[in-house]
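In: Take this sequence and fold it.
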Amino acid sequence: MESDERRRERLKALLASQKLAVLATHSEGQPYGSLVSFVSTPDMKQLLFATTRSTRKYENLTSDPRVALLIDNRSHQDSDIHEATAATATGPAEELAGEERERFQRLYLERHPYLEDFVSSPTCALLRVQVRTYYLVNRFQEVTELHAEEWE
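Out: Numbering: from 1, shown residues only. Below you'll find the model as predicted:
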């Protein structure tokens, strides 16, 4: 059986290898999915993404900050069902401002330098998800919960 440390290493590798995630929000119970560029903090307890304030996802987040982000390494091959790894991160999202935004924006742009004009726009919000739980799925049916608050 795989240790929690090994699972966290596998999660860290997945987060480092992927640049896009599917963000799930909702409005009055109606789910809504969006593709976003993301980056993880080194401790994996926070995920960052950006969006303009005029988007449906931003509107949904202002009424309910609870989100899920799906990150996976599928290759669109039949073998993905048995070989792909996926992680769903859940937690509340909040818009960053001031010095905190500046600090996290640098981290975001290290990963996505081609989005500098977009992220620097006054209409763009930089959001941070405080990850509470990762649901790590491997080999189709191996599901593990990793709780960020339990990490050192």
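
In: Tell me where the protein has helices.
Out: Remark: helices assigned in the chain by DSSP state H are 4-17, 56-63, 80-83, 98-111, 116-120.

In: of all these, which lies closest to Thr144?
Out: With C-beta to C-beta as the measure, helix 4-17 is the member of the helices of the chain nearest Thr144 (5.5 Å). To be clear about C-beta, it is placed using only N, CA and C from the backbone, and glycine gets the same treatment.

In: Now do that closest one against helix 98-111: the angle between them, please.
Out: If you take axes from the mean of the first three to the mean of the last three C-alpha atoms, to 10 degrees, helix 4-17 sits at 80 degrees to helix 98-111.

In: what comes into contact with helix 4-17?
Out: With contact meaning C-beta atoms under 8 Å, 6 or more residues apart in numbering, helix 4-17 is reached by 40, 44, 71-73, 85, 87, 134, 136, 138, 144, 146, 151.

In: ok, of the helices of the chain, where does mean pLDDT dip lowest?
Out: Among these, helix 80-83 carries the lowest mean pLDDT, a mean of 62.

In: Serialize the helices of the chain to JSON lines and add fields for mean neighbour count and distance to Ala50.
Out: Listed next are these as JSON lines, based on neighbours: other C-beta atoms under 10 Å; distance: least, C-beta to C-beta, whole Å:
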{"stretch": "helix 4-17", "mean neighbour count": "15", "distance to Ala50": "17"}
{"stretch": "helix 56-63", "mean neighbour count": "17", "distance to Ala50": "10"}
{"stretch": "helix 80-83", "mean neighbour count": "12", "distance to Ala50": "28"}
{"stretch": "helix 98-111", "mean neighbour count": "14", "distance to Ala50": "7"}
{"stretch": "helix 116-120", "mean neighbour count": "13", "distance to Ala50": "5"}
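
In: Ok, which of these comes nearest Gly91?
Out: helix 56-63 (12.1 Å).

In: For burial, what's the neighbour tally of Tyr22?
Out: Rather than Tyr, residue 22 is Val. Counted with other C-beta atoms under 10 Å, the neighbours of Val22 add up to 15.

In: Isn't it up against Gly33?
Out: Yes: contact between Val22 and Gly33 holds when scored by C-beta atoms under 8 Å: they sit 5.4 Å apart.

In: which neighbours do these two share?
Out: Common neighbours of Val22 and Gly33 (C-beta under 8 Å, 6+ apart) do not exist.

In: what pairs with Leu48 across the strands?
Out: Going by DSSP bridges, Leu48 is paired in beta bridges with Val39, Arg128.
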